[in-house]
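S.K.: heads up, no residue letters with this:
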């Protein structure tokens, strides 16, 4: 009889971590730790926690995600996004565990209009992207078994994200100016979590043959399709329910240059998900369908 794996989940209080607590529970014993129980900025603490728990699988959605703030806090962003993943990789290698880690479209510079593939050259435009790329490379340098899932524009019914910000602002202002020249795929955190569980269940199954052809590496994982932030906002407005006291706002498309931020954003955040589908047969649903399901769930 094979024992169920022990899964160490970081960032359990975040929007992706919260969903992973539920989707991973069918695969084994989940030890879910939030930032108070496992501070990724404390390298020694990270190492000690992993050794105390001795997991079979480490799933790390935790990250420093304040993109603009990272420009003024590069050391903290680097500690969480670059150093800690490397330590998790080292400890996974020592234990013979699998490390699942999440990265970002921001490792690319956003040139062109073709969806980025996993082996395209990385060239981040900001501190956040640079630290996430450094985290990827730190994991790869350890030689552990790893799956790195790059995703984009993550949102959900919890936490802080574009969906929740838009729903609030749409009730406060008659007009909103939304960037229309940055293109990507809004990705529901629940779909990310469910796709992760699908991949891990395949790896755990002896019938897949992955012991003979190891699937470790970098994969892109986003909802299907593409839009701009303005298009995302329009879709949110169309699905939202406004009462008679609050008329839907006018959404004015603007170029990113009209909305300067401390961190520069890539114009092209499209990610090619073909490798994920080819290797695991996993394809996330179209982003508009996912958005409707998310908003429906949050209204109930």
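M.R.: Yes, it's here. Just so we're clear, the structure is a prediction, and the values are computed from it rather than from any experiment.
S.K.: Wait, residue 144 touches residue 86, no?
M.R.: No: the pair residue 144 and residue 86 fails to qualify as a contact (Cβ atoms under 8 Å) at a distance of 10.0 Å. All C-beta spots, glycine's among them, are computed from the backbone N, C-alpha and C.
S.K.: The helix or strand encompassing residue 20: what's the following helix or strand?
M.R.: The secondary structure element spanning residue 20 is helix 15-23 (assigned by DSSP states H and E). Towards the C-terminus, the helix or strand next in line after helix 15-23, according to DSSP H and E, is strand 29-32.
S.K.: helices or strands next to the following helix or strand past that following strand in the packing?
M.R.: Following strand 29-32 in sequence order, the next helix or strand is helix 43-53 (DSSP H and E). Applying 3 or more Cβ pairs under 8 Å, 6 or more residues apart in numbering; DSSP states H and E, one finds that helix 43-53 makes contact with strand 6-9, helix 84-95.
S.K.: which helices and strands does the longest one pack with?
M.R.: If I follow you right, that is helix 84-95. helix 43-53, strand 57-60, strand 98-104, helix 127-142, strand 145-151.
S.K.: tell me the most buried of the ones you listed?
M.R.: When you average the neighbours per residue for each of those (mean count of other Cβ atoms under 10 Å), strand 57-60 leads with a mean of 27.
S.K.: That strand: what's the following helix or strand?
M.R.: Towards the C-terminus, the helix or strand next in line after strand 57-60, according to DSSP H and E, is helix 74-78.
S.K.: list the buried ones in the helix holding residue 20?
M.R.: 15, 16, 17, 18, 19, 20, 21, 23 (16 or more other Cβ atoms under 10 Å).
S.K.: What helices and strands are in contact with that helix?
M.R.: Counting contacts by 3+ Cβ pairs under 8 Å, 6+ apart, the secondary-structure elements packed against helix 15-23 are strand 6-9, strand 29-32, strand 154-155, helix 189-204.
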